[in-house]
Each structure stands twice: as structure tokens, then as C-alpha cells.
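**Student:** when you get a sec, could you give me coordinates for this:
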Amino acid sequence: MTCKEAVFSENALDYIIGNYRGEEYVKGVYNPDCYMAYDNIQGVIYQEIQQINSANIERYGFSAIPNVYGLMSEEALEESGVLRIRRQPYLDLYGQGILIGFVDTGIDFTHEAFVREDNTTKIVSLWDQTVVEGDGSEQFPYGRIYSRAEINQALKEEDPHSAILSQDEIGHGTFLAGVAAGRGNRIEEFSGVAPSAELVIVKCKQAKKSYRSYYGIPESVPAYQENDIMAGVAHILRVANEERKPVVICIGMGTNMGSHDGESNLSAFMDRYTTVQGVAMISSAGNEGNARHHHYITRREETINIDVEGNLDGFMAQLWWQTPGSLTLDVISPSGDALNGIRAVSNTRRRKVFNPENTTLEIYFGFAQERTRSQVVVLRFIAPKTGIWKVRVSFTNENPGAHIWLPIRQFLSSEVFFLAPEPDVTICNPGDGNNLITVSAYDAGEGSLYLQASRGFTVSGNVKPEVVAPGVNVTGPYPRGRYGTMTGTSVAAALSAGIAALFMERYNYYGISGLSVKELFIRGAVPRGMPYPNTEWGYGTVNAYDSITRD
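**Tutor:** Okay, the predicted model is just below:
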């Protein structure tokens with residue numbers, strides 16, 4: 001099986017592994033059908049499997065299983081201070097010489113927002129991971145990479161899409177790229193934040209059926225594997241290096257699965273490059289603040305009530321805890337049928353069929369993760385029936401400080417929620433990353449926080465989000481030459497990515513790292529709420545003008 005075949009095959013599983021001991025060690029230990037390195041710390045292997053099931057997916061421990069991410073969206077320039085910068089001729093900042101990269105749903109490269117007056121493209125590189133016939137790159141040999149020259153040639157054709165087949169069927173990626181760097185249209189009262197910046201676009205391939213089934217994600221919902229997102233980020237970094245230009249990378253996707261301590265594979269990967277000069281990483285906070293998908297366990301013995309409002313194929317819950325001490329749990333169905341006295345022992349599995357409900361429960365106890373002490377209890381409810389499902393936990397530690405999360409709302413085909421939810425600690429991965437910039441959303445017209453915005457801080461107490469930007473009813477481009485509005489923290493993140501490009505342009509391109517960009521956002525932020533910083537607004541609302549001009 002070749003790498004390209006493995007990437008698209010439903011009979012091959014993907015595992016994210018540490019490869020710091022080198023390629024020969026990886027091949028000797030795993031004997032993979034395909035191996036690709038993101039860098040000299042992390043990589044991905046693919047292995048053909050005769051039978052796809054949860055045991056095989058969990059074969060190399062929970063940290064190796066790619067999470068699956070969903071899209072974080074559902075008068076911004078004035079409110080965020082960008083127009084004040086433009087009104088100052090001595091500043092003259094439009095993102096010139098800066099790249100902005102997105103790993104998302106692709107882009108409508110023919111939209112006027114991305115085509116200059118001379119009919120040339122603002123897109124430096126477009127990697128469409130979904131093209132089965134493509135050869136990708138030497139590093140990632142799948143999909144099709146379109147160069148700037150190829151896109152420019154296509155734009156001369158009567159039908160540009162006959163030369164370049166890549167399209168954005170969903171529109172999310174087109175919109176975010178436009179908000180960050182689209183060229184202005186006065187009639188539509190639209191302008192991207194950094195209209196002179198260029199774009200590096202990755203259209204992410206959809207998740208395999210095996211991972212959709214494992215996480216209980218409906219087939220119709222856009223969903224993307226962590227390893228493909230990481231490959232997209234690595235590609236953007238490579239293009240920026242080849243172009244010798246600074247880059248801002250924005251991720252408008254998120255997931256509730258993971259330890260929420262900044263140590264997921266994608267979070268750690270992005271974090272590594274925030275200290276590199278000329279690289280900034282930005283993530284949306286997520287839209288889970290009012291979803292009732294997080295419960296905080298504060299007592300040694302506690303019953304967690306999960307309300308399933310309608311029949312669905314399945315869903316996953318993840319409980320994250322730390323030693324010292326031990327954990328025992330019971331699971332009780334709505335009819336009272338119970339699985340009792342299950343002790344959390346790493347790398348063990350239990351399975352129970354609740355006959356009255358005809359529901360199967362699979363429990364997996366994960367090893368301590370590679371970069372953290374946290375351990376995981378994975379609860380997979382298969383064909384759960386309506387009613388209250390109880391998870392009774394018993395810790396030997398008096399103050400367990402454990403957390404349990406349900407999937408993001410679009411990954412659930414029916415309402416599923418905790419009866420005693422905690423709205424804080426709902427920042428979605430990769431937004432929990434320690435060093436990357438995490439942006440939440442507010443309504444610039446009303447001055448109020450976006451109702452669904454996820455809230456901080458992280459499990460480890462890091463301030464997240466750092467800032468909040470306009471993200472409600474923001475105007476931007478849609479495929480097929482249209483304009484419209486979109487709402488969500490991914491929109492706020494895209495707007496902030498444009499502002500980060502202005503910061504990079506202002507401060508001598510390569511003379512600034514992602515950590516410095518983060519400090520500029522914090523320096524200019526307008527405080528909101530008490531205490532300061534707080535879990536809803538972080539350090540406050542974005543003000544790009546004050547970030548640049550404040551002493």
C-alpha cells in the first residue's frame with residue numbers, strides 16, 4: 001500500500017506518533033505501511049488493518065489517535081481599531097509582504113476578493129488534500145498542490161475551474177480567508193483586514209469513516225482529522241520558508257475531545273512554532289460556552305448525569321483525571337441497569353450491553369499522555385436511548401479536580417448535555433495551546449459577548465482566550481462571487497489573523513515572533529469585566545491601533 005493509497009483508504013488507520021528518535025526507529029517499532037514526518041518531533045504513520053474496530057484504533061494508546069475537528073462558526077474593522085490605523089498615513093499598514101495561512105474548507109480562488117486588478121491571484125499556494133489523483137509534495141504525497149503560476153493561468157481561462165478543479169463547497173474557508181486578507185468592495189461595504197497580504201490555503205480532507213464511527217460523528221457533518229490539519233500547518237510553514245516571508249497561521253476548527261491542557265497533538269505542534277521569528281499561530285476559542293458539554297468533578301464521590309434527549313447512533317464522552325490515587329466508576333442506564341465497580345487501569349477495556357435500552361457501552365482507560373500526566377476514561381455510547389445516563393465516580397483523592405467533556409454541538413445529531421454543567425474550561429482544542437493566540441467573539445454592534453463563545457481558562461490555569469474580537473454577523477465573501485455574513489469564534493480568529501499580519505508588517509517582518517504578536521494583542525486590549533483577566537473576555541477586546549501606538 002502506497003502512502004497516497006493509505007491516506008484515502010478506509011482500511012488504513014492513522015496514528016500520530018513521536019518521531020524524535022528518527023525515521024529508522026519509527027519504522028523498526030511500528031513497521032508502518034506509510035510514514036510522514038511533520039518535523040523532527042512528531043509524525044504520522046498509516047497501517048492497513050483487516051478489521052476496523054475500537055481496539056485497533058486504540059492500539060498505540062490514546063495519544064496516537066487523531067482527534068476529529070469541526071468548524072467553529074455558525075462594522076468589525078472600526079470596532080477592532082483597524083480603520084484607525086488606516087486613517088494614519090504614517091502607519092500605512094495593509095499586510096504587505098506577509099503570508100496568512102488557513103487549513104479549512106478551501107477557497108473560491110476566482111472570487112474578486114482574491115484577484116488583483118491585473119487579474120493575478122493573491123494565493124501563493126493552494127493544497128487540495130481531497131484530490132485522490134494528485135501527488136502532493138515530497139513531504140506529504142497526497143492531494144494536489146496548485147502554484148501561484150497555475151492559478152494565474154487558470155484565471156485567464158473562460159472557465160477557470162476547468163483548469164483547477166478545487167472548490168470550496170462549504171464556504172467556511174473562503175469566508176475566513178476573505179475576512180483576513182480579502183480585497184475591498186465598497187458596494188458590499190467589505191474589506192479584509194490585511195488586503196495586501198498573500199494567502200497560503202490548505203483544503204483539508206474529510207475524516208475517514210472509521211474515525212467518524214469511533215467518535216460518533218454523523219456522516220453529513222464536516223469533520224477533519226487532526227493529522228491532516230497538522231500536515232496542512234506543516235505545508236504552510238514550508239511555503240513561508242520557501243517564500244522567505246513571515247506567516248500567520250489561523251485554525252478555525254476545534255474539538256472538545258482531549259485533555260484541554262494545551263498538550264493535544266495539534267496544540268503542541270502549533271505551540272512549538274510560536275517562538276520562531278516570523279511565525280504567529282492563531283486559533284478560535286470555540287462555540288461551546290452554553291452547550292452544557294463540560295462538567296467539573298470536585299468531590300471524591302460524585303454522580304454525573306448525562307441527559308440524552310433523542311435517539312442517536314452514538315457519542316463519546318471523555319473523562320480526564322490525574323494520579324495520585326485511583327478511580328472507580330459505575331454507569332447506570334435510564335432503566336437502572338448498571339455496570340458497577342470498574343477500576344481505571346491503564347490500557348484496559350470493558351464492554352457492556354444494557355439490554356433494556358439495547359445500548360452498548362465501551363469503556364477504554366488510556367495511558368498517561370505523552371506530554372502530560374493526565375489520563376483518560378473514554379466512554380463510547382453506541383445507539384444510546386433517551387433518558388438520563390448516570391456515571392458515578394469514586395476517587396481515593398479528596399480533591400480530584402477532574403473534568404468530563406461531551407462532543408462539540410455539531411457532532412451530536414440530538415441534544416446531549418450534562419444536568420450540572422460548568423461553562424468555564426470550554427475552550428476547544430487547539431485553542432488550549434499554551435503559547436498560541438486564542439480568540440473569542442463578541443457582537444460589535446451590541447457590545448455583548450457572543451452567546452455561544454467558549455470560555456477559559458485552561459485546565460492548567462492559563463489565561464484563555466487572550467482577547468475577544470468581533471465575530472457576530474461579520475461581512476465576508478462566499479463562493480461563486482457572493483457576499484454574506486457569518487458568526488462564530490472562527491470569524492473572530494480570522495479577523496485577528498489579519499491584525500497579526502499588520503503587526504508583523506509594522507515590526508520589521510522577521511523581527512517578531514508569535515509570542516511577541518500575542519503580547520501586542522494583550523497590550524492594546526480594552527479590558528472588559530472583572531476580575532482582570534477573566535474567563536469570558538480574557539484581557540479584553542482587540543484594539544489594533546492601541547496595540548501599535550501605546551507606549
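
**Student:** going by C-alpha atoms from here, please, whenever you check contacts or count neighbours.
**Tutor:** Will do.

**Student:** quick one: Leu176 and Ala492 touch, right?
**Tutor:** No: applying Cα atoms under 8 Å as the test, Leu176 and Ala492 come out as separate, 9.0 Å apart.

**Student:** show me the shaky parts of the stretch 101-250 of the chain.
**Tutor:** For the stretch 101-250 of the chain, applying pLDDT under 70 flags no range at all.

**Student:** that one: strands as residue ranges?
**Tutor:** Ranges of strands in the stretch 101-250 of the chain, per DSSP state E, counting those that start in this stretch, are 123-128, 144-147, 198-203, 224-225, 247-251.

**Student:** show me the one of those that comes nearest Thr323.
**Tutor:** strand 224-225 (29.5 Å; Cα to Cα).

**Student:** give me the phi and psi angles of Ala268.
**Tutor:** The phi/psi pair for Ala268 (degrees, to the nearest 10) reads phi -60, psi -40.

**Student:** the helix or strand hosting Val393 - contacts with which helices or strands?
**Tutor:** If you go by DSSP states H and E, Val393 is part of strand 387-395. Secondary-structure packing of strand 387-395 (3 or more Cα pairs under 8 Å, 6 or more residues apart in numbering; DSSP states H and E): strand 301-308, strand 327-332.

**Student:** relative to that strand, what are the paired strands and their orientations?
**Tutor:** strand 301-308 (antiparallel), strand 327-332 (antiparallel) (DSSP bridges).

**Student:** can you add distance to Phe8 and mean neighbour count and give the strands of the stretch 101-250 of the chain back as a markdown table?
**Tutor:** Shown next, in a markdown table, are the strands of the stretch 101-250 of the chain (distance: least, Cα to Cα, whole Å; neighbours: other Cα atoms under 10 Å):
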| stretch | distance to Phe8 | mean neighbour count |
| --- | --- | --- |
| strand 123-128 | 13 | 24 |
| strand 144-147 | 13 | 19 |
| strand 198-203 | 15 | 27 |
| strand 224-225 | 12 | 24 |
| strand 247-251 | 23 | 29 |
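
**Student:** indicate which one of those strands is closest to Asp39.
**Tutor:** strand 247-251 (16.6 Å).

**Student:** next structured bit after that closest one?
**Tutor:** As the chain continues past strand 247-251, the following element, by DSSP H and E, is strand 253-254.

**Student:** packing partners for that following strand?
**Tutor:** strand 68-71, strand 279-284.

**Student:** contacts for it next, please.
**Tutor:** Applying Cα atoms under 8 Å, 6 or more residues apart in numbering, the external contacts of strand 253-254 come out as 69-72, 104, 283-286, 428-431, 490.

**Student:** which of the strands paired with strand 387-395 sits closest to Arg116?
**Tutor:** Here strand 301-308 is closest among these (Cα to Cα), at 51.1 Å.

**Student:** buried ones in the closest one?
**Tutor:** Glu301, Thr303, Ile304, Asn305, Ile306, Asp307, Val308 (16 or more other Cα atoms under 10 Å).

**Student:** for stretch 264-271, same thing?
**Tutor:** For stretch 264-271, by 16+ other Cα under 10 Å, it's Ser264, Asn265, Leu266, Ser267, Ala268, Phe269, Met270, Asp271.

**Student:** among those, which are in helices?
**Tutor:** If you go by DSSP state H, the buried residues of stretch 264-271 have Asn265, Leu266, Ser267, Ala268, Phe269, Met270, Asp271 in helices.

**Student:** so Ala420 touches Ile297, yeah?
**Tutor:** No: Ala420 sits out of contact with Ile297 when judged by Cα under 8 Å, with a separation of 10.2 Å.

**Student:** more neighbours: the two, which one.
**Tutor:** Ile297 (21 against 15; other Cα atoms under 10 Å).

**Student:** if the more buried one is in a bridge, with which residues?
**Tutor:** Applying DSSP bridges, one finds that Ile297 bridges with Ala402.

**Student:** what stretches of this protein score poorly on pLDDT?
**Tutor:** 74-90, 368-371, 509-510, 551.

**Student:** now do the helices in it.
**Tutor:** 3-8, 23-30, 54-57, 76-79, 82-86, 148-155, 172-181, 209-215, 226-243, 265-272, 489-506, 514-524, 544-549.

**Student:** kindly reformat those helices as a markdown table containing distance to Gln42.
**Tutor:** What follows is the helices of the chain, written out as a markdown table (distance: least, Cα to Cα, whole Å):
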| stretch | distance to Gln42 |
| --- | --- |
| helix 3-8 | 17 |
| helix 23-30 | 11 |
| helix 54-57 | 19 |
| helix 76-79 | 37 |
| helix 82-86 | 37 |
| helix 148-155 | 29 |
| helix 172-181 | 26 |
| helix 209-215 | 20 |
| helix 226-243 | 10 |
| helix 265-272 | 8 |
| helix 489-506 | 25 |
| helix 514-524 | 20 |
| helix 544-549 | 35 |
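
**Student:** of all the ones you listed, which one is nearest Phe114?
**Tutor:** Closest to Phe114 of the helices of the chain, according to Cα to Cα: helix 172-181, at 7.5 Å.

**Student:** distance from the strand holding Val393 to the middle of the chain?
**Tutor:** The chain centre lies 29 Å from the centre of strand 387-395; the measure is Cα atoms, centre = their mean, to the nearest Å.

**Student:** what separation do you get for the residue nearest to Glu357 when sequence neighbours are not counted and Val200?
**Tutor:** Nearest residue to Glu357, sequence neighbours excluded (Cα to Cα, 6 or more residues apart in numbering): Lys385, at 6.0 Å. Distance of Lys385 to Val200, given as Cα to Cα, to the nearest Å: 45 Å.

**Student:** same thing with Glu157?
**Tutor:** From Glu157 over to Val200 (counting by Cα to Cα), the distance is 22 Å.

**Student:** ok, Glu112 next?
**Tutor:** Taking Cα to Cα, one finds Glu112 at 17 Å from Val200.

**Student:** for Thr458, same thing?
**Tutor:** 30 Å.

**Student:** same question for Ala525.
**Tutor:** For Ala525 relative to Val200 (Cα to Cα), the value is 28 Å.
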